[in-house]
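> Predicted model, plus sequence, below.
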Amino acid sequence: DEVNFLPGLHISNTIALTNNCISLESENDHIHKMSSDILYHEISYAAFCGINYVMLPGPKQRKNTVQYAQAVLNILNAFPQIQIILHMPFMVTSTTGYRSSDPLFTWDIWNAIKTTTDYPPNLYVGLDLLKNSIPSYVTSRWFSEPVKLLSISTKVFIPNAKGYPVLSKAQQQLVTQFMKIASLTIIQDTSSKARASEKTVGGKSAHLVYIRHLHQTRPELTKLEKFATGYYDYLQAPLQPLSDNLDSASYEIFERDPVKYAQYEAAIQAAITDRRGEPELIIAVVGAGRGGIVNCAHKAIGKFIDGCVISNKSDREPNFRIIALEKNINAYLYLLEQQRTQWADNDVCDIEVIFGDMRSWKPQIKLNIIVSELLGSFGDNELSPECLDGVQNLLAQGGTMIPESYTSSLIPVMSHKIYSTAKRQNDLSVFHKPYVVMMQSVDLLATQIETAWKFEHPRDILVNDKMVKKNNDQGFYTSPETNKHNERRCKLSFKIPHKGVVHGFAGFFEAVLYKDIQISIRPDNMDFVSKDMVSWFPIIFLIERPLYLPEQSEIDISLWRKTDDKNVWYEWALESFLRVPQLNKVSSSGSESDN
């Protein structure tokens, strides 16, 4: 009959807390029903007042989690405008009330609830920061969940040298990390009674001031993070430049990547340096777009000429020529304007612009260096192998193709946000095709990334079931009659050291542009190979039914790149195994994708 808050302007900044006596998981039917009724009436009043967030204590025991989840689901369905936050500790400690030695015990409870309720969009988790150190795998599991709120008790703070309350270094890092995904932070135990035995320098708001300080002094975003703002965990269909003509805005985004172009320029310069002394060098940029790589080639030639020391006739500078080939009529018109205004009358080399498709282009000359920018997030997913098949027969004997090779790799991942986003589309075809996504709330479940397959250019040719490098009589590379040589398959095994849920697997690529000059989006080497490169986000292959994996389990990922000479597509399947005295298959899920 009494309430402690009323509707008003303050409501938008209010988080409602439910009654602590609620026990939805109680085995006593009377207590369970009474708890459900109390919760319903409290949520109903919160909705009447316009409250957006209601925080509900998580279950106090592992038993009857399904019963608890069912009661929560009834509330979520009855009040879809309310965001329910389940309040839970990061992990089990002596003060959390749970009896378990498993650091992922509370995550396991949360996972059971969200799975039973089928990933509702208005269910979140709020985590209690603990004094205890938290293992990194526990932190990464929670980071892949929909954490809306961090709850920090004043008891967790420690005084600094001046007596002001601060967090330990480890806790500072954890809070700063979760501020990326948790939009709310609350300070608990601030009452006079709770702080009666403490004298806090800075007054009763000192803890809040410190948390605000942490928020304001977060590390500056990296170039990649700045570029990715607004794209995190957002599913995007991969580009298909072979079948679709890109617009100018798409090209412009790609051109905002100085790292990629610096690597391409270095590769072209190294390639022409290795050919110094040749009378003529013809460089073809196939799929030239708006001319980004053409500019790289032009700069590379200029730097080569500037740094070239002519010592004798054999070291004379070659006559350079650049050909820009483009099939997108609109981009071709842009290139013509570039040719007229930017490249005309340059004293470095001639630049010729040609309209055409590289697969059917038949010039009367042979090319010394062929440069392409056809890579997708998985390396081959934008059909770079098929495109370059059509042009490698134009390569002069001993010619160079940039990139020389690219390798695809993958790892199983867990992400509540990405999976639930796909699931809410209510279209099973969503799970039958890969997506490009800048991953943030994602956990890499396995101990390491594994290589799927590799493409090399110029490639060997399959002739009568034998691999032939080139046609020695004519002195240049030949084109294949079918596309079967571009099919690939792999079956990779991954060890899963800690329990988790597989929602799919993430794919990456690394490419050798020329000799030791590379680019990569693999998380384990990208900072060493091409730090701050922003042109590609990872690719993700989802599965319709998530797989729960216990600790010390294994998962096999089978992936096929298939073709019928008209289309190219992927098919994939996942199998999970648990090591027990007798090996038993747990479950499997699969899908396929057309490109």
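Good, I have the coordinates.
> Mind jotting down where the helices sit in this protein?
Shown for the chain, the helices assigned by DSSP state H span residues 29-49, 65-78, 105-116, 136-143, 169-178, 206-216, 223-228, 248-254, 258-273, 292-307, 329-338, 384-389, 416-423, 526-529.
> Pull out the buried residues from the last one.
Read that as helix 526-529. Met526, Val529 (16 or more other C-beta atoms under 10 Å). Using the backbone N, CA and C atoms, a C-beta is placed for each residue, glycine as well.
> CA atoms only: put stretch 141-159 into PDB for me.
This file holds the C-alpha atoms of stretch 141-159, laid out as PDB (Å, rounded to 0.1, in the frame of the first residue of the first chain):
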ATOM      1  CA  ARG A 141      32.900 -14.700 -21.000                       C
ATOM      2  CA  TRP A 142      30.900 -12.000 -19.300                       C
ATOM      3  CA  PHE A 143      32.200  -9.400 -21.900                       C
ATOM      4  CA  SER A 144      30.400 -11.400 -24.600                       C
ATOM      5  CA  GLU A 145      27.100 -11.100 -22.700                       C
ATOM      6  CA  PRO A 146      24.600  -8.200 -22.600                       C
ATOM      7  CA  VAL A 147      26.100  -6.500 -19.600                       C
ATOM      8  CA  LYS A 148      24.000  -3.300 -19.000                       C
ATOM      9  CA  LEU A 149      25.300  -2.300 -15.500                       C
ATOM     10  CA  LEU A 150      28.300  -2.500 -13.200                       C
ATOM     11  CA  SER A 151      27.500  -2.500  -9.500                       C
ATOM     12  CA  ILE A 152      30.400  -1.400  -7.200                       C
ATOM     13  CA  SER A 153      30.200  -1.500  -3.500                       C
ATOM     14  CA  THR A 154      32.000   1.100  -1.500                       C
ATOM     15  CA  LYS A 155      33.600  -1.800   0.400                       C
ATOM     16  CA  VAL A 156      35.600  -2.700  -2.800                       C
ATOM     17  CA  PHE A 157      37.400   0.700  -2.800                       C
ATOM     18  CA  ILE A 158      40.800   1.200  -1.100                       C
ATOM     19  CA  PRO A 159      42.300   4.500   0.100                       C
END
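> what stretches of the stretch 301-450 of the chain score poorly on pLDDT?
308-316 (pLDDT under 70).
> mind listing the strands for it?
Secondary structure of the stretch 301-450 of the chain by DSSP state E, counting those that start in this stretch: the strands cover 319-326, 350-355, 367-372, 395-402, 405-414, 435-436, 443-444, 450-456.
> can you pull the contacts of the closest residue to Glu42 other than its chain neighbours?
Nearest non-adjacent residue to Glu42, counting by C-beta to C-beta, 6 or more residues apart in numbering: Thr18, 5.4 Å away. Contacts here follow C-beta atoms under 8 Å, 6 or more residues apart in numbering; on that basis Thr18 touches Ile38, Leu39, Glu42, Ile43, Val54, Met55, Leu56, Pro57.
> Identify, from those residues, the entry nearest to Asn319.
For the contacts of Thr18, the closest approach to Asn319 (C-beta to C-beta) belongs to Met55, at 73.4 Å.
> The closest one reaches Ala16, doesn't it?
Yes: counting by C-beta atoms under 8 Å, Met55 touches Ala16, with 7.0 Å between them.
> picking that back up, now for the contacts of Thr18, which pair is the farthest apart?
Maximum pairwise distance among the contacts of Thr18 (C-beta to C-beta): 15.0 Å, between Ile38 and Met55.
> neighbour-wise, which of those two wins?
Between Ile38 and Met55, Met55 has the larger neighbour count (other C-beta atoms under 10 Å), namely 21 against 16.
> one step back: quick check: phi and psi at the residue nearest to Glu42.
phi -80, psi 170 (degrees, to the nearest 10).
> give the contact list for the nearest residue to Arg290 once chain neighbours are set aside.
Leaving aside its chain neighbours, Arg290 sits nearest to Tyr251 (4.4 Å; criterion: C-beta to C-beta, 6+ apart). Neighbouring residues of Tyr251 by C-beta under 8 Å, 6+ apart: Gly289, Arg290, Gly292, Ala331.
> any idea how far Cys490 is from the last one?
Distance from Ala331 to Cys490, counting by C-beta to C-beta, to the nearest Å: 35 Å.
> The first one too?
Counting by C-beta to C-beta, the gap from Gly289 to Cys490 is 31 Å.
> Kindly report the same for the second one.
When distance is defined by C-beta to C-beta, Arg290 is 35 Å away from Cys490.
> Neighbour count: those two, which is higher?
Taking other C-beta under 10 Å, Arg290 and Cys490 do not tie; Arg290 has more neighbours (22 against 16).
> got any ranges where the stretch 51-200 of the chain has weak pLDDT?
For the stretch 51-200 of the chain, the stretches with pLDDT under 70 are 94-99, 190-199.
> can you give me the strands for it?
53-57, 83-89, 123-128, 147-153, 158-159, 165-166, 184-188.
> Tell me which of the ones you listed is the most buried.
Highest mean neighbour count among the strands of the stretch 51-200 of the chain (mean count of other C-beta atoms under 10 Å): strand 123-128, with a mean of 24.
> Direction included, what does that strand pair against?
strand 83-89 (parallel), strand 147-153 (parallel) (DSSP bridges).
> want to throw those into a markdown table with distance to Tyr232?
Listed next are those as a markdown table, based on distance: least, C-beta to C-beta, whole Å:
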| stretch | distance to Tyr232 |
| --- | --- |
| strand 83-89 | 19 |
| strand 147-153 | 14 |
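> Ile110 and Pro146 touch, don't they?
Small correction: residue 110 is Trp, not Ile. No: at 9.9 Å, Trp110 does not count as touching Pro146 under the criterion of C-beta under 8 Å.
> what sits in contact with each of these two?
By C-beta under 8 Å, 6+ apart, Trp110 and Pro146 have these common neighbours: Val125.
> Which one's more surrounded, the two?
Legend: neighbour count by other C-beta under 10 Å for Trp110 and Pro146, higher for Trp110 (24 against 21).
> Indicate which one of the helices of the chain is closest to Ile402.
Checking the helices of the chain against Ile402 by C-beta to C-beta gives helix 258-273 as the closest, at 5.2 Å.
> CA atoms of that closest one as PDB?
In PDB, the C-alpha atoms belonging to helix 258-273 read as follows (Å, rounded to 0.1, in the frame of the first residue of the first chain):
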ATOM      1  CA  PRO A 258      46.700   4.800 -44.900                       C
ATOM      2  CA  VAL A 259      48.100   1.500 -43.500                       C
ATOM      3  CA  LYS A 260      46.800  -0.700 -46.400                       C
ATOM      4  CA  TYR A 261      48.000   1.700 -49.100                       C
ATOM      5  CA  ALA A 262      51.400   2.100 -47.400                       C
ATOM      6  CA  GLN A 263      51.900  -1.700 -47.500                       C
ATOM      7  CA  TYR A 264      50.800  -1.900 -51.100                       C
ATOM      8  CA  GLU A 265      53.100   1.000 -52.100                       C
ATOM      9  CA  ALA A 266      56.000  -0.800 -50.300                       C
ATOM     10  CA  ALA A 267      55.200  -4.000 -52.100                       C
ATOM     11  CA  ILE A 268      55.100  -2.400 -55.500                       C
ATOM     12  CA  GLN A 269      58.300  -0.500 -54.900                       C
ATOM     13  CA  ALA A 270      60.100  -3.700 -53.800                       C
ATOM     14  CA  ALA A 271      58.800  -5.600 -56.900                       C
ATOM     15  CA  ILE A 272      60.000  -3.000 -59.300                       C
ATOM     16  CA  THR A 273      63.300  -2.700 -57.500                       C
END
